[in-house]
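Colleague: Build me a structure from this.
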Amino acid sequence: MPAPLLSTLKRVHPRLLATEEDFRRLRDRIGKNARLKEWAEVLRKQAVDMLQQPVCRYEIPDGLRLLATSQRVKERAYTLALMYRLDGDARYVERLWQELQAAAQFPDWNPRHFLDTGEMTHAFAIAYDWLYNVWDAEQRRVIREAILQKGLEPGLKSYRGEWNYGWWVKSPYNWNQVCNGGLTLGALAIADEAEAVATEIIEGALRSLPLAMASYAPDGAWVEGPGYWNYATAYTVVMLAGLQTALGTEHGLSRSPGFDKAALFPIYMTAPSGRAYNFADCPESPIGGHSTPHFFWLARQFRRPEYAWFGLQHARPVALHLLWGDVRAKSPEEAKLPLCAYFRGVEVVAMRTSWSDPQAIYVGFKAGPTSAPHGNLDTGSFILEALGQRWAIDLGADDYNLPEYFGRLRWTYYRMRAEGHNTLVINPSQEPDQTPGAMTRITRFSGKEGSPLAIADLTGAYQPTAKRVWRGIQIPDGKAVLVQDEIELREPGTLYWFMHTRADVVLGSDGKSAELRQGGETLRVRLLQPNNARFHMMTAEPLPSSPHPPRQAVNTGVRKLAIQMTVRRPMRLRILLEPVWSEGLRVEPPDELPLSEW
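Modeller: Coordinates of the predicted model:
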């Protein structure tokens, strides 16, 4: 008798993400849909190019990760298998077999960095399932045994808690989805031949994945930043889709609180330039790295055509674009999405003045935890776009291979510290310049069109020094940005205000203003309050009192607009950032009000 979990298993191949009927329909749709036809031609060229590329080798260039190799094998498995399904060209099968045969002979799939194992198991599962009826018996045996021995057996050790490489089983973050997703596909691919192992793997994944799904609550955001939102969500979708096509159910996982709203997060974390609000270890490049098929699945699953719109914005087609991409799309304006959003828990705000104007003002502003995975000491930090330029930037990640980058030395690296962000530093020293483990909150948010605003209570990040640290940001009349800080220290101390930029900066002669020039555009910065404060320029490097670890990134081309002052009594710091609009509009600063009255 089949195990209860597998009682609904479709006993035919293909059954992972697509069925025989899905592939038949796809061939028909490509002839009728211009977008799918264009994508298919791009993938066909990629597949032909893959025929000439050398097979992957067992390479761990940084001493830890096989990940690039695993991901390359996965891309080739999807592309070559799909193009054989569409064209019937046996060259694609032969080239994929060479790839699989080589990877099957690897000594292992590097389970000490289990992402690599999850990705490679994923690759082999797709190749085995989509081309099951093409492989001969010996080829099936080689692929199946590799999945079992190098993927699922290390997975069993992880679910059983038998070694240290399975810590991800109890993690609520991206490793959970990547590892569980890859193992689940591997188990579903060979479940006919290895029912007991497949059942235990899938049961383990179904116990583990809800820990990560809970991280989407309540609003779909991801504390590891938009880059890892994408990595985690792509694998979540693949796992749910694989369960659905192979078993007929994804066990209600898609109904996890917040998951239906998850794709709103990257939509709002994308500025008018198309680049990301790249907090945490995230690049500025478009969210998804151009691989966006999961947005189409989410659009269909939750009947949210705006998700499909986002998936189309930067799409570089991969196989799943063809399978999932024939879906209705609506722009955020057509879907009537609000211009601004606040994501609770992660405590991130996005404010913009238009969805369609590339010149629009955009502000990303965050509070939240100071010790999140891939997170930085960046509570209170913001980015700013206007006039098609990014004026206030986030430097993003440093080299993951720096000593103890994810450990005890993380807060010694400039890009991880508050001084490397657009926020406040109080009494800098060798110690972390915000309180590790603190949780700060957005205390007020109004997305009112015309003058949106957000206020954060940052006090917890400056302990034991501060009695009160609040930051408010608003876009008065949709034409400028006001940053207002209210600070009260327990005893006199030194305060720094920082804003990093790639623009050229010209300081006013009185130190009360600055002009930032970039891309033929200008941003005026006015120091409205206090009267005794002055702007000055600094390099984007550690303060003399800060740690200076070797090998960290040199922030070439980045300048830092700064204010340094002594705080002896409760004070208010007001900065107006004013784009110079082509119509010559001059913005009057809003009336001075305490944040409690905004």
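
Colleague: drop to CA atoms for contacts and neighbour counts, all remaining ones
Modeller: OK.

Colleague: Residue 75 belongs to a strand, doesn't it?
Modeller: No - using DSSP: H, G, I helix; E, B strand; the rest coil, the assignment for residue 75 is helix, not a strand.

Colleague: Need the nearest residue in space to it, chain neighbours excluded.
Modeller: Nearest residue to residue 75, sequence neighbours excluded (C-alpha to C-alpha, 6 or more residues apart in numbering): residue 123, at 7.6 Å.

Colleague: repeat for residue 514
Modeller: residue 507 (4.3 Å).

Colleague: any idea how far residue 170 is from the one you found?
Modeller: Note on residue 507: its distance to residue 170, by C-alpha to C-alpha, to the nearest Å, is 51 Å.

Colleague: returning to what we had before: now do the residue nearest to residue 75, the pLDDT please.
Modeller: Listed pLDDT for residue 123 reads 99.

Colleague: Enumerate every residue touching it.
Modeller: 70, 71, 73, 74, 75, 77, 78 (C-alpha atoms under 8 Å, 6 or more residues apart in numbering).

Colleague: Can you get me a residue count around the fourth one?
Modeller: Applying other C-alpha atoms under 10 Å, we find 22 residues neighbouring residue 74.

Colleague: do the same with residue 580
Modeller: Counted with other C-alpha under 10 Å, the neighbours of residue 580 add up to 19.

Colleague: May I have stretch 173-180 as PDB, with CA atoms only?
Modeller: Only the C-alpha atoms of stretch 173-180 are listed here, as PDB (Å, rounded to 0.1, in the frame of the first residue of the first chain):
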ATOM      1  CA  TYR A 173      14.500  32.400   6.500                       C
ATOM      2  CA  ASN A 174      15.600  31.800   2.900                       C
ATOM      3  CA  TRP A 175      17.700  28.600   3.500                       C
ATOM      4  CA  ASN A 176      14.500  27.000   4.600                       C
ATOM      5  CA  GLN A 177      12.700  27.400   1.400                       C
ATOM      6  CA  VAL A 178      15.600  26.700  -0.900                       C
ATOM      7  CA  CYS A 179      16.600  23.500   0.900                       C
ATOM      8  CA  ASN A 180      13.100  22.200   1.500                       C
END
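
Colleague: how about the helices in the stretch 151-300 of the chain?
Modeller: Secondary structure of the stretch 151-300 of the chain by DSSP state H, counting those that start in this stretch: the helices cover 153-160, 174-189, 195-213, 226-247, 264-268, 293-302.

Colleague: which of those is buried the deepest?
Modeller: Neighbour counts (mean count of other C-alpha atoms under 10 Å) averaged over each of the helices of the stretch 151-300 of the chain peak at helix 174-189, with a mean of 29.

Colleague: and that one with helix 153-160, angle?
Modeller: Comparing the axes of helix 174-189 and helix 153-160 via axes from the mean of the first three to the mean of the last three C-alpha atoms, to 10 degrees yields an angle of 120 degrees.

Colleague: pLDDT of helix 174-189, averaged?
Modeller: 98.

Colleague: Who are the packing partners of that helix?
Modeller: In terms of contacts (3 or more C-alpha pairs under 8 Å, 6 or more residues apart in numbering; DSSP states H and E), helix 174-189 is packed against helix 114-130, helix 195-213, helix 226-247.

Colleague: mean confidence for the last one?
Modeller: The average of the pLDDT scores along helix 226-247 is 97.

Colleague: follow-up on the earlier one: how close does the residue nearest to residue 514 sit to residue 526?
Modeller: 10 Å.

Colleague: which ones are touching residue 273?
Modeller: Neighbours of residue 273 in contact, by C-alpha under 8 Å, 6+ apart: 358, 385, 388, 389.

Colleague: contacting residues around the residue positioned nearest the centre of the chain?
Modeller: The structure's the chain has its C-alpha centroid closest to residue 227; by C-alpha atoms, centre = their mean the separation is 1.7 Å. When contacts are counted by C-alpha under 8 Å, 6+ apart, residue 227 touches 278, 281, 282, 283, 287, 288.

Colleague: And residue 150, by the same measure?
Modeller: 108, 109, 117, 121.

Colleague: Tell me the pLDDT of the third one.
Modeller: Spelled out, it's residue 117. Confidence score, pLDDT, at residue 117: 99.

Colleague: Excluding chain neighbours, give the residue nearest to it in space.
Modeller: residue 109 (5.0 Å).

Colleague: that's a strand at the one you found, yeah?
Modeller: No - looking at residue 109 with three-state DSSP, it is coil, so not inside a strand.

Colleague: wait, doesn't it sit right on residue 120?
Modeller: Yes - at 6.9 Å, residue 109 and residue 120 qualify as touching, with contact defined as C-alpha atoms under 8 Å.

Colleague: Check the contact lists of the two and give me the overlap.
Modeller: Common neighbours of residue 109 and residue 120 (criterion: C-alpha under 8 Å, 6+ apart): residue 151.

Colleague: Show me the chain divided up by domain.
Modeller: The chain breaks down by automatic domain parsing into domains covering 4-324, 349-583.

Colleague: quick one: the closest residue to residue 369 other than its chain neighbours from residue 460, how far?
Modeller: Once flanking residues are discounted, residue 369 sits nearest to residue 439: 4.3 Å by C-alpha to C-alpha, 6+ apart. Between residue 439 and residue 460 the computed distance is 7 Å (C-alpha to C-alpha).

Colleague: Please work out which residues outside stretch 254-262 touch it.
Modeller: Contacts of stretch 254-262 (C-alpha under 8 Å, 6+ apart): 210, 213, 214, 216, 217, 218, 219, 220, 221, 240, 298, 302.

Colleague: Now with 6 Å, please.
Modeller: Residues outside stretch 254-262 that contact it (C-alpha atoms under 6 Å, 6 or more residues apart in numbering): 216, 217, 218, 219, 220.

Colleague: buried subset of these?
Modeller: Neighbour counting by 16 or more other C-alpha atoms under 10 Å classes 216, 217, 218, 219, 220 among the contacts of stretch 254-262 as buried.

Colleague: can you put the residues you listed in CSV and add distance to residue 332 and pLDDT?
Modeller: Formatted as CSV, these follow (distance: C-alpha to C-alpha, whole Å; pLDDT from 0 to 100):
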residue, distance to residue 332, pLDDT
216, 21, 98
217, 22, 98
218, 21, 98
219, 17, 98
220, 17, 98
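
Colleague: roughly how far apart are the nearest residue to residue 249 once chain neighbours are set aside and residue 184?
Modeller: For residue 249, ignoring the flanking residues on the chain, the nearest one in space by C-alpha to C-alpha, 6+ apart is residue 243 at 6.0 Å. For residue 243, the distance to residue 184 (C-alpha to C-alpha) stands at 8 Å.

Colleague: what's the answer for residue 363, then?
Modeller: Residue 363 is 39 Å from residue 184, where distance means C-alpha to C-alpha.

Colleague: What of residue 498?
Modeller: 46 Å.
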